[in-house]
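> Take a look and give me a structure for this.
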Amino acid sequence: MKRLIAGVIAVAVAIGLVGCTAPDADRPRVYVTTNILGDVVSEIVGDHLEVVTLMAPGADPHSFELSAQQAAGLRDADLIVANGLGLEEGLAQHVEAAAEEGVPVVLAGDYIDVLEYGASTGPDPHFWTDPAQMILVVDALEPTLAELAGDNRADVLSSAAQYRETLVALDEQMEQALSAIPVEHRALVTNHHVFGYLARRFDVTLLGAAIPGGTTLAAPSPADLQELVDAIDTAGVRTIFAESSQPDRLVQVLADEADRDVAVVELITESLAPLGEPGDTYLDMMRVNTDRIVAGLSP
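Numbers count the residues shown, from 1 in each chain. Reported below is the predicted structural model:
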């Protein structure tokens, strides 16, 4: 019996070791708050740096909370990359605490052309819906990541240049696809305001959102919903879009209340899809969303 128990324990330990990835002490460690930024950083640095992405695919960045282990890891990081525009509402204090202890922090929001929601709601953190803004973030990250890579600096600089070219191509593809939609049909209704940067870059009208603010933690009032229903009816919108990080119940209610046949189409917005599914990288997410928007809005 003792031998059986010992064998079971040994197997359990072995399984546990397989299921956990030990930190690589030989590589500088970069902690990234969101999985969208984590994917971009990983594309730039490859295997030369250890990238720890805090948010799992499908997580809502507005409500995400760190574990004690993750918070401790932040304080030991060689670099932290964060959104910096109020997106990660539950992580801000931990990032600030790590910065106070001397951990270098790159805030993407410091390097983009920030779009304001309004005087009362602050900056829009969803810059990644415009690839041109992500290019600015790559430009800002490149020298810091290259320096961390040490002898592999040239590889990181080369990867950043290649990724930048891919982003330029993505921007051109999106512009061509979205501009093909007749301007009178180029209007978005979503769960909450995510596509401000896309709208500004590609001349898309934002009719509104079920949740009027920039955070998923807010709740719409009856007046908000009625205002949006009126906008849907006035514009004759036939498709409204729900985010993959949230249930589409509110958007479906809007479709029902508009008293018309309005389709509800899912977009991947604030969090990447699980590995192996459409939208599991930033580039694929943007391409999938563009295809779905074009299909939903084209007459």
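> in this protein, which spans are helices?
For the chain, the helices defined by DSSP state H occupy 2-19, 35-45, 68-75, 92-100, 131-148, 153-179, 196-202, 222-235, 249-257, 282-297.
> any chance of those in TSV, with distance to residue 189 too?
Just so you know, the C-beta spots here come from the backbone N, C-alpha and C atoms, and that holds for glycine as well. Below are the helices of the chain laid out as TSV (distance: least, C-beta to C-beta, whole Å):
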stretch	distance to residue 189
helix 2-19	42
helix 35-45	23
helix 68-75	35
helix 92-100	30
helix 131-148	23
helix 153-179	16
helix 196-202	12
helix 222-235	6
helix 249-257	7
helix 282-297	10
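> Now render those as CSV, adding mean pLDDT.
As requested, the helices of the chain are exported to CSV (pLDDT from 0 to 100):
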stretch, mean pLDDT
helix 2-19, 39
helix 35-45, 98
helix 68-75, 91
helix 92-100, 94
helix 131-148, 98
helix 153-179, 98
helix 196-202, 95
helix 222-235, 69
helix 249-257, 63
helix 282-297, 96
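> Give me whichever of those helices is most buried.
Ranked by mean neighbour count, these are led by helix 35-45 with a mean of 23 (mean count of other C-beta atoms under 10 Å).
> Can you check what angle separates that one from helix 282-297?
Angle, helix 35-45 to helix 282-297, by axes from the mean of the first three to the mean of the last three C-alpha atoms, to 10 degrees: 130 degrees.
> nearest spatial neighbour of residue 155, skipping sequence neighbours?
Leaving out its chain neighbours, the residue that sits closest to residue 155 by C-beta to C-beta, 6 or more residues apart in numbering is residue 48, at 6.1 Å.
> right, and the one you found touches residue 154 too?
No - between residue 48 and residue 154 there is no contact under C-beta atoms under 8 Å: 10.2 Å.
> check contacts around residue 241.
Neighbour list for residue 241: 188, 189, 190, 191, 251, 264, 265, 266, 267, 292, 293, 296 [criterion: C-beta atoms under 8 Å, 6 or more residues apart in numbering].
> repeat for residue 163
Contacts of residue 163 by C-beta under 8 Å, 6+ apart are 40, 43, 44, 138.
> Please name the residues that touch residue 280.
57, 272, 273, 274.
> tell me the phi and psi of it?
phi -90, psi 0 (degrees, to the nearest 10).
> Tell me how far it lies from residue 288.
Between residue 280 and residue 288 the distance is 10 Å, computed by C-beta to C-beta, to the nearest Å.
> try residue 239
Taking C-beta to C-beta, one finds residue 239 at 15 Å from residue 288.
> same thing with residue 38?
For residue 38, the distance to residue 288 - C-beta to C-beta - is 18 Å.
> same question, residue 86
Taking C-beta to C-beta, one finds residue 86 at 26 Å from residue 288.
> Equivalent analysis for residue 43, please.
For residue 43, the distance to residue 288 (C-beta to C-beta) stands at 17 Å.
> again, but for residue 98
Residue 98 is 33 Å from residue 288, by C-beta to C-beta.
> what's the answer for residue 139, then?
Per C-beta to C-beta, residue 139 is found 25 Å from residue 288.
> Over to residue 71?
Counting by C-beta to C-beta, the separation of residue 71 from residue 288 is 33 Å.
> still on that earlier bit, and which of the contacts of residue 163 is nearest to residue 144?
residue 44 (10.4 Å; C-beta to C-beta).
> Show the contacting residues for that closest one.
Per C-beta under 8 Å, 6+ apart, neighbours of residue 44: 138, 141, 142, 145, 156, 159, 160, 163.
> quick check, nearest of these to residue 195?
Out of those, the member with the shortest distance to residue 195 (by C-beta to C-beta) is residue 138, at 20.8 Å.
> List the contacts of the nearest residue to the closest one once chain neighbours are set aside.
Of all residues not flanking residue 138 in the chain, residue 164 sits nearest, at 5.5 Å (C-beta to C-beta, 6+ apart). Each residue near residue 164 by C-beta under 8 Å, 6+ apart is listed here: 135, 138, 139.
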